[in-house]
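Undergrad: Using only what follows, build the 3D model:
(chains A and B)
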Protein chains: 2
Amino acid sequence: MRLSRYFLPTLRETPREAEIVSHRLMLRAGMVRQQSAGIFSWLPLGLRVLNKINAIIREEQNRAGAVEILMPTIQSADLWRESGRYEAYGKEMLRIRDRHERDMLFGPTNEEMVTDIFRTYLRSYKDLPLNLYHIQWKFRDEIRPRFGTMRSREFLMKDAYSFDLDKESARHAYNRMFVAYLRTFARMGLRAIPMQADTGPIGGDLSHEFIILASTGESEVFCDKAYLDFDTPAAETDFEDRAGLQGIVDAWTARYAATDEKHDEAAFAALPDADKLSARGIEVGHIFYFGTKYSEPMRAVVTGPDGKEHPVHMGSYGIGPSRLVPAIIEASHDEAGVIWPDAIAPFHVALLNLKPGDPATDGACETLYAALGAAGYDVLYDDREERPGAKFANADLIGLPWQVIVGPKSLADGKIEMKRRATGARELVAVDDCLARLKA
Amino acid sequence: MRLSRYFLPTLRETPREAEIVSHRLMLRAGMVRQQSAGIFSWLPLGLRVLNKINAIIREEQNRAGAVEILMPTIQSADLWRESGRYEAYGKEMLRIRDRHERDMLFGPTNEEMVTDIFRTYLRSYKDLPLNLYHIQWKFRDEIRPRFGTMRSREFLMKDAYSFDLDKESARHAYNRMFVAYLRTFARMGLRAIPMQADTGPIGGDLSHEFIILASTGESEVFCDKAYLDFDTPAAETDFEDRAGLQGIVDAWTARYAATDEKHDEAAFAALPDADKLSARGIEVGHIFYFGTKYSEPMRAVVTGPDGKEHPVHMGSYGIGPSRLVPAIIEASHDEAGVIWPDAIAPFHVALLNLKPGDPATDGACETLYAALGAAGYDVLYDDREERPGAKFANADLIGLPWQVIVGPKSLADGKIEMKRRATGARELVAVDDCLARLKA
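TA: Numbers count the residues shown, from 1 in each chain, chains lettered A, B, ... in the order given. Model prediction:
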């Protein structure tokens, strides 16, 4: 993409309303614009990151056997009356009346609707296990939305819902998502630690939050340092292998890890001091097993091998992509701007032409732009007529993993400069070696 | 995808509520489920088609120079008061009050919001031309939603918005989208004919609807038969070439074509009888040039080369993906089910194992499933324990372009049967030749 034809409205000034660094950087890097309190437009650069995150989530959900659907944003209040949550949900639910005076709502979550889909079509234990997920915009009318898209009112959520015949199978379904989440966050360059969690309005008796560590995190967390060195389950993990998955989950839950809500001072104190880690954390995922909480009142039942009807055992599994964007920035930035992990960077390479209009730099840039693009790299080519200093600052701010800098002096020696954003390391390489250096 | 692990709830019975064939087939093929009047969940098969359509739209929007963003579904009423449309829009607008008693709405379209984004960031004619698009769920509270996702209340829309310094440049922006739309529909296997249109509540004085012909279409259309043989503009079309694009648009608008709203009986009568085509049509896209209708009241201005402020000239360009799905089915089906054009088929191949449990058919199917997948084909493998007749009927119903049929008898001779869904043509081919036959 040529920057001259792109829409990247970066800001020089730090917007006053931004309280945390990710909010500030997302506004400054032209990633989002607030349209109303807690409601954002995603500008081109932000949308690219969001889509990269969604793609990783999808791959890992599919790998774990979940099947993608797409439920609507607007739901009927009647469904929520069946589960008993319509009155219980409170003012965070955005309630709507349509032109026929029917009570509707903008879905804050989808347990009721997906249970309704299940009961419409499925009758037999032979149709199980089933896990349906979608990635859709939700709304929670927070009284005081803040921190940009970290705590917004309209937010994107991947929510998956598992259906099983009994508690044991449901535990396997839970473990599948547990492992999928470990892989999902690791692929985004994050170290997420599963911690026992309260179940809140979703209900149930088994639940984990996935927390990443960041000094600006919203809550205090306590855990065993060993988690920082745990290996992420491999892509080849057999999700059908019940015992194998349980082994992974057991290992990832054997050591101490708790948010302040669930913190057990005594248990933590029993750890050797060298193993204690207390830090700030950001919740990036939350999984629940809640058994028959929805299937019983809503009559989502299947015929079992015994010929009798059984309400299905369910779990739900959430990740917030629009929250992950700032969470990743909180975990990965410096004074100059964002530092994107390679896997979710909006572009791989910032190609900086330090002297547009100069036939040599223009020619080299066009050659590199074509070659890198042909090799599958997404390149943002800064072809604007701007001072080099402005281009450097802009590239650092938007935080692409690589900067390829083409200036007339180095180019006279057949060289360009390549800078790795994360480390700041720079090196001069021959123009023809650029692609090989990126691949290395 | 193995059908045994998929969620494809096909129906044997024709649902009573379905009035048109696409609605009937989308329900029977397990593509969508109605959740409330005019509000649908997209089940896995339907979602795959929707995503294929979105991908083609994106490619053609990007090729034409438009840049993707994502605006939220919920908008502030204040923006619409600025343009004067808040009161004017009537009951089709879903109006909402949030917990702070602020007037909000579920966006039916985004002219106001995108104009607000423009005025926030852009100041100079040097930033132009600009075309921003998004693909987002919209809501229009139709009094009587019907025909499934053809006329739903919550619907998906790609809407693009162009910004230019003057009318002449805006005309070029309009022509870019005109040509992009011709390519978009052609790639979906549709012959869309641009017809002069009323501008309705969007406003403006230049507008075309893109209409596809289908015997069940909602409106009557009249046009010159020559349009059926027009060539679609090539992928290599230079979208920067003003004169070239104008030439294409001139050719595509030179002959008679009108919906009944704009029909000119006398002009149509003047055509030679052999050239007259009157038929039913379905609107699949609508483009508008409306000049400064929004930029003037909302003060979206740029400084021109003359140093003075100019309100920008705008256009908007809509395609409804959730409407295109049924529109394509209306244009492409038979008694037995849907016939997907290759480019938007949810899977390329239905692989039918006629005798699951038989080592020979199981082995051949697994080999084919792996080989076709490795070659980049999306395969839906019917590995269920069902009678062959049920599998054939199911494959015809869901309408994948190819059926690869593996039965014990043919397989004893080393053969499988390949059926082309569109023509019904069947042939026996050697197992090893399957891939070559698909490619041919």
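Undergrad: Excluding chain neighbours, what is closest to the one residue in the stretch 301-440 of chain A that gets nearest to chain B?
TA: Among the residues of the stretch 301-440 of chain A, residue A:385 lies nearest to chain B; the distance is 9.5 Å by CB to the nearest CB. The C-beta positions use only the backbone N, C-alpha and C, and glycine is treated the same way. By the measure of CB to CB, 6 or more residues apart in numbering or on different chains, the closest residue to residue A:385 outside its immediate chain neighbours is residue A:356, 5.4 Å from it.
Undergrad: With residue A:108 instead?
TA: Using CB to CB, 6+ apart and skipping the chain neighbours, the partner closest in space to residue A:108 is residue A:140 (4.8 Å).
Undergrad: list the contacts for the one you found?
TA: Taking CB atoms under 8 Å, 6 or more residues apart in numbering or on different chains as the contact definition, residue A:140 lies against A:92, A:93, A:94, A:108, A:153, A:155.
Undergrad: Filter these down to the buried ones, PyMOL style.
TA: For selection in PyMOL, the members of those meeting the burial criterion (16 or more other CB atoms under 10 Å in any protein chain shown) are listed in this command:
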select buried, chain A and resi 93+94+108+153+155
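Undergrad: can you map out the helices along chain A?
TA: Secondary structure of chain A (DSSP state H): helices at A:21-28, A:44-63, A:77-83, A:85-88, A:111-121, A:167-187, A:242-253, A:265-269, A:321-331, A:359-374, A:388-398, A:408-412, A:434-439.
Undergrad: same for the first one, what does it pack against?
TA: When you say that, I think you mean helix A:21-28. For helix A:21-28, the contact count by 3 or more CB pairs under 8 Å, 6 or more residues apart in numbering or on different chains; DSSP states H and E identifies helix A:321-331, strand A:333-334, strand A:337-338 as packing neighbours.
Undergrad: The same query, at a cut-off of 7 Å, please.
TA: With contacts defined as 3 or more CB pairs under 7 Å, 6 or more residues apart in numbering or on different chains; DSSP states H and E, the packing partners of helix A:21-28 are helix A:321-331.
Undergrad: Distance check, residue A:216 against chain B.
TA: Computed as CB to the nearest CB, to the nearest Å, the residue A:216 to chain B distance reads 25 Å.
Undergrad: so where's the longest strand in chain A?
TA: Taking residue count as the measure and DSSP state E as the definition, the longest strand of chain A comes out as strand A:276-291.
Undergrad: That one vs helix A:167-187, what angle?
TA: Going by axes from the mean of the first three to the mean of the last three CA atoms, to 10 degrees, strand A:276-291 is angled at 140 degrees with respect to helix A:167-187.
Undergrad: In its sheet, which strands sit next to strand A:276-291, and in what direction?
TA: Strand pairing for strand A:276-291, determined by DSSP bridges: strand A:206-213 (antiparallel), strand A:219-224 (antiparallel), strand A:313-319 (antiparallel).
Undergrad: what's the most buried one of these?
TA: Relative to the other members of the strands paired with strand A:276-291, strand A:313-319 carries the highest mean neighbour count by mean count of other CB atoms under 10 Å in any protein chain shown, namely a mean of 26.
Undergrad: List of residues touching it?
TA: Residues external to strand A:313-319 that are found in contact with it (CB atoms under 7 Å, 6 or more residues apart in numbering or on different chains): A:57, A:111, A:157-164, A:166-167, A:170, A:173-174, A:177, A:184, A:202, A:284-292, A:294-295.
Undergrad: send the alpha carbons of it over as PDB?
TA: Backbone C-alpha positions of strand A:313-319 (Å, rounded to 0.1, in the frame of the first residue of the first chain) are rendered in PDB as follows:
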ATOM      1  CA  HIS A 313     -24.100 -29.800  29.200                       C
ATOM      2  CA  MET A 314     -22.800 -26.500  27.900                       C
ATOM      3  CA  GLY A 315     -19.800 -24.200  28.200                       C
ATOM      4  CA  SER A 316     -19.000 -20.800  26.700                       C
ATOM      5  CA  TYR A 317     -15.700 -19.400  25.700                       C
ATOM      6  CA  GLY A 318     -15.000 -15.700  25.000                       C
ATOM      7  CA  ILE A 319     -12.100 -13.700  23.500                       C
END
